[in-house]
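J.: sequence and predicted structure, then a few things I'm wondering about:
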Amino acid sequence: MMRAACLLLLLLLGLPAARAQEAAAVPPSLTAELSVRRVEVTTAFSGAEILVFGATERLIGPEGDEVLVLVIGPETSMMVRQKVNAMGFWINGPSARFNRVPSYWALASTRPLTAMLDRVERADLRLALDQLPLVQLGAQGPTFRNALANLQQEAGLWVDRDRPIEVSGGRLFHARLPLPATVAHGLYQVQVMLVRNRRVVARQELRLDVVRTGTSAFIADVAREQPVLYAIACIIMAGLAGWIGSVVFRRG
Amino acid sequence: MQVYLPIAEMSVDALLLLGIGFGVGWLSGLFGVGGGFLLTPLLILIGIPSPVAVGSGANQTLGASVSGLIAQWRRGNVDVRMGTVLIIGGFLGSLAGVQLFAWLRRAGQVDLAVAIFYVVVLGSVGGLMVRESLTAILRRKRARPQRLHEHLWMHGLPFKMRFRKSRLYISVIPPLGIGFAIGVLSAVMGVGGGFMLVPAMIYLLGMPTAVVIGTSLFQVVFVTANVTFLQAIQVGSVDVVLTLLLLAGGVSGAQFGAAMGTKLRGEEMRALLGALVLAVALSLLWDLLRVPESLFVIGPVP
């Protein structure tokens, strides 16, 4: 991937193909890395932060290179239900089911996206929440989709504010993207793109694993794979806890 | 201190859960009820999804009732025969209740159903308790001669059985029916149902007060165990971390509550409990009636 990007860049710069052999020696136009490759969800997990950092070949600025970071979490399905008033009570009314919903989606860029990229390019790369390829079943209409986007943003799972990427020393950049405590576990795709002259000229893909570990992973696995065993364990543990508690705290 | 709940898939302040457990345990010790009817609404209020609140609430009630049952058992206050009949009804009821719960979940109406069950059940029980205890307080001076127990028409139904400890010779149909109803409520509301079972045993079955608490705890322990089992298997919504945190606060609170409870008079205590039950019902009713903050809700596909 990296090599292909370098090659493309060389061709764009009009260098003779023969000199592509020396590509390894040429500094890459974009390098990026994650501070952690693995986020562990333990019983003490209360959210985390994805720190993406890297450097560009040229100076970062409107005249030179620009960077954008896109993080997409594992896909899931979700129900969106509308509340309707029936005889004075607010009840769940029509519902829409969305498939292929990214459980996490966040975007950060050095400048507002509209100023950085052409509209067509933005649409091609699906660099906006309203351009996500969601599959909507059940109730139709854009209100459900908008509600999904709003509620996911409120939960901090979709981040589409202009979160600036911070730049230091002209070429060093870093972006912090928040992972709330409710994040799904699975494989997260982190795409770092280099923008030059309103076009994406290089990109690097990084992978981030969000895994449940320790007791919480163990409990969730047992509950899912051995529900009978889990149920019996819950009963016994609750009973024991109640009994032990009454012995410990007995007064007199 | 935040703690991640593996089944609810969210992180909650552990101290908040311990505090809720302690408060509910204190009240349950004070009034001699399981406290599940307060616990589940409180959990929903702090943002725990309804299915997890109900499943873990039932599991917590099981733990909270065990110590009470052991104490009553030692004093010989458990009518095992009556308890067994109630449990048979309760098992069937909780089986039906969990099916109903799973069906409501697929239909996307769990939150509404749980809220309506709470409003109706707590509203009527709370209202009756307040009325009954207020009349008792007003009439305290007038002592009435009491019969052993009233004979209702339903006691004469077929399949009569002798319950020695309760000094009853009645049909098994009313206790089976009561057990069934409590089982359904236990599965849908995540409660033990002691607050309904106790009046039903006194007023409908005519059991002597001495064995009522022990026998109701006997039924509650087994039925909540059954609800825990079925909820864990069918809905997958029992969070053992949540349960244990609530129990840790609950068992200590219950002892303090029980110590304080001996200083209060029966009628005043029932009036207070009734007022508390009514307040919970009204706050849940208000949640159903007020315009919601967001007209849309999202959730996982059931």
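T.: That came in fine, so what should we check first? Numbering: from 1, shown residues only, chains lettered A, B, ... in the order given.
J.: spell out which parts of the stretch 51-200 of chain B neighbour chain A.
T.: Applying CB under 8 Å from any CB of the partner chain, we find that the stretch 51-200 of chain B lies next to chain A at B:59-60, B:62-68, B:70-71, B:108-109, B:111-112. Just so you know, the C-beta spots here come from the backbone N, C-alpha and C atoms, and that holds for glycine as well.
J.: of all those, which two lie farthest apart?
T.: Across those, the longest distance by CB to CB is 42.6 Å; it joins B:71 and B:108.
J.: tell me the average confidence for the longest helix along chain A?
T.: Secondary structure of chain A read by DSSP state H shows that its longest helix is helix A:227-248. Helix A:227-248 comes out with an average pLDDT of 89.
J.: check whether it contacts chain B.
T.: Yes - using CB under 8 Å from any CB, helix A:227-248 comes into contact with chain B via A:227-228, A:230-235, A:237-239, A:241-246, A:248.
J.: list only buried entries from the residues of the stretch 51-200 of chain B next to chain A.
T.: Neighbour-count burial within those applies to B:59-60, B:62-68, B:71, B:108, B:111-112; the criterion is 16 or more other CB atoms under 10 Å in any protein chain shown.
J.: just those: which are in strands?
T.: Using DSSP state E, the subset of these located in strands is empty.
J.: where does the prediction get shaky in chain B?
T.: Scanning chain B for pLDDT under 70 picks out B:32, B:34, B:140-151, B:261, B:264-266.
J.: and the strands in it, which stretches?
T.: All strands of chain B, identified by DSSP E, fall at B:2-5, B:10-13, B:160-163, B:168-171, B:296-300.
J.: now, of those strands, which is deepest in the fold?
T.: Among the strands of chain B, ranked by average contacts under mean count of other CB atoms under 10 Å in any protein chain shown, first place goes to strand B:2-5 (a mean of 22).
J.: hmm, who's touching the longest helix of chain A?
T.: By CB atoms under 8 Å, 6 or more residues apart in numbering or on different chains, the residues outside helix A:227-248 that reach it are A:219, A:222-223, B:59-60, B:62-68, B:70-71, B:221, B:225, B:228-230, B:232-233, B:236, B:238, B:240, B:243-244, B:247-248, B:250-252, B:254-255.
J.: go again with 6 Å.
T.: A:222-223, B:59, B:62-64, B:66-67, B:225, B:228-229, B:232-233, B:238, B:240, B:243-244, B:247, B:251 (CB atoms under 6 Å, 6 or more residues apart in numbering or on different chains).
J.: out of the residues you listed, which sit inside helices?
T.: Among the contacts of helix A:227-248, DSSP H puts A:222-223, B:59, B:62-64, B:66-67, B:225, B:228-229, B:240, B:243-244, B:247, B:251 in helices.
J.: out of those residues, flag the one nearest to residue A:164.
T.: The closest of those to residue A:164 turns out to be residue A:223 (CB to CB; 41.3 Å).
J.: so what's the residue count around that closest one?
T.: The local packing of residue A:223 (other CB atoms under 10 Å in any protein chain shown) involves 23 other residues.
J.: now do residue B:176
T.: Here the number of neighbours of residue B:176 (other CB under 10 Å) works out to 18.
J.: so it makes contact with residue B:89?
T.: Yes - look at residue B:176 against residue B:89 with CB atoms under 6 Å: they come within range, at 4.0 Å.
J.: please report phi then psi for residue A:185.
T.: In terms of degrees, to the nearest 10, the main-chain angles of residue A:185 are phi -90, psi 150.
J.: list the residues that contact the closest residue to it other than its chain neighbours.
T.: Excluding its sequence neighbours, the residue lying closest to residue A:185 (CB to CB, 6 or more residues apart in numbering or on different chains) is residue A:210, at 4.7 Å. Counting by CB under 6 Å, 6+ apart, residue A:210 touches A:39, A:183, A:185.
J.: of those, which is the most crowded?
T.: Each of the contacts of residue A:210 was scored for neighbours by other CB under 10 Å, and residue A:183 scores highest at 23 neighbours.
J.: do you know how far that residue is from chain B?
T.: Going from residue A:183 to chain B by CB to the nearest CB, to the nearest Å gives 9 Å.
J.: can you check the pLDDT for that residue?
T.: 87.
J.: which residues touch it?
T.: Going by CB under 6 Å, 6+ apart, residue A:183 touches A:104, A:210.
J.: nearest spatial neighbour of residue B:72, skipping sequence neighbours?
T.: residue B:214 (3.3 Å).
J.: now do the contacts for the one you found.
T.: Contacts of residue B:214 by CB under 6 Å, 6+ apart are B:72, B:77-78.
J.: what's the closest of these to chain A?
T.: Each of the contacts of residue B:214 was scored against chain A by CB to the nearest CB, and residue B:72 proved nearest at 11.9 Å.
J.: give the contact list for residue B:15.
T.: Residue B:15 neighbours (CB under 6 Å, 6+ apart): none.
J.: what sits against whichever residue of the stretch 1-150 of chain B sits closest to chain A?
T.: Proximity of the stretch 1-150 of chain B to chain A (CB to the nearest CB) peaks at residue B:67, 3.0 Å away. Applying CB under 6 Å, 6+ apart to residue B:67 gives the contacts A:242-243, A:246.
J.: hmm, try it at 7 Å
T.: Residues in contact with residue B:67 (CB atoms under 7 Å, 6 or more residues apart in numbering or on different chains) are A:242-243, A:245-246, B:251.
J.: farthest pair within those?
T.: Counting by CB to CB, the most remote pair of the contacts of residue B:67 is A:243 and B:251, 8.9 Å apart.
J.: the more surrounded of those two?
T.: Higher neighbour count among residue A:243 and residue B:251: residue B:251, with 27 against 16, using other CB under 10 Å.
J.: can I assume that one is in contact with residue A:249?
T.: Yes - contact criterion CB atoms under 7 Å: residue B:251 and residue A:249 qualify, at 5.9 Å.
J.: for residue B:280, which of the strands of chain B is the nearest?
T.: For these, proximity to residue B:280 was assessed by CB to CB; strand B:10-13 is nearest, at 20.6 Å.
J.: still on that earlier bit, give me the phi and psi for the residue nearest to residue A:185.
T.: In terms of degrees, to the nearest 10, the main-chain angles of residue A:210 are phi -110, psi 110.
J.: how much space between it and residue B:10?
T.: 15 Å (CB to CB, to the nearest Å).
J.: and residue B:213, by the same measure?
T.: 36 Å.
J.: okay, helices next: where are they in the stretch 1-150 of chain B?
T.: B:14-31, B:36-45, B:50-74, B:80-107, B:110-138 (DSSP state H, counting those that start in this stretch).
J.: any idea which of those is most buried?
T.: Among the helices of the stretch 1-150 of chain B, helix B:50-74 has the highest mean neighbour count (mean count of other CB under 10 Å), at a mean of 27.
J.: and the contacts of the particular helix or strand that has residue A:49 in it?
T.: Residue A:49 is located in strand A:48-56, with elements delineated by DSSP states H and E. Outside strand A:48-56, the residues that touch it by CB under 7 Å, 6+ apart are A:29-35, A:39, A:65, A:67, A:69, A:71, A:171-179, A:190, A:192, A:194, A:208.
J.: 8 Å instead?
T.: With contacts defined as CB under 8 Å, 6+ apart, strand A:48-56 is touched by A:29-36, A:39, A:64-65, A:67, A:69, A:71, A:106, A:108, A:171-179, A:183, A:188, A:190, A:192, A:194, A:204, A:206, A:208.
J.: narrow these to those that are buried.
T.: Buried among the contacts of strand A:48-56 by 16+ other CB under 10 Å: A:29-32, A:34, A:39, A:65, A:67, A:69, A:71, A:106, A:108, A:173-175, A:177, A:179, A:183, A:188, A:190, A:192, A:194, A:204, A:206, A:208.
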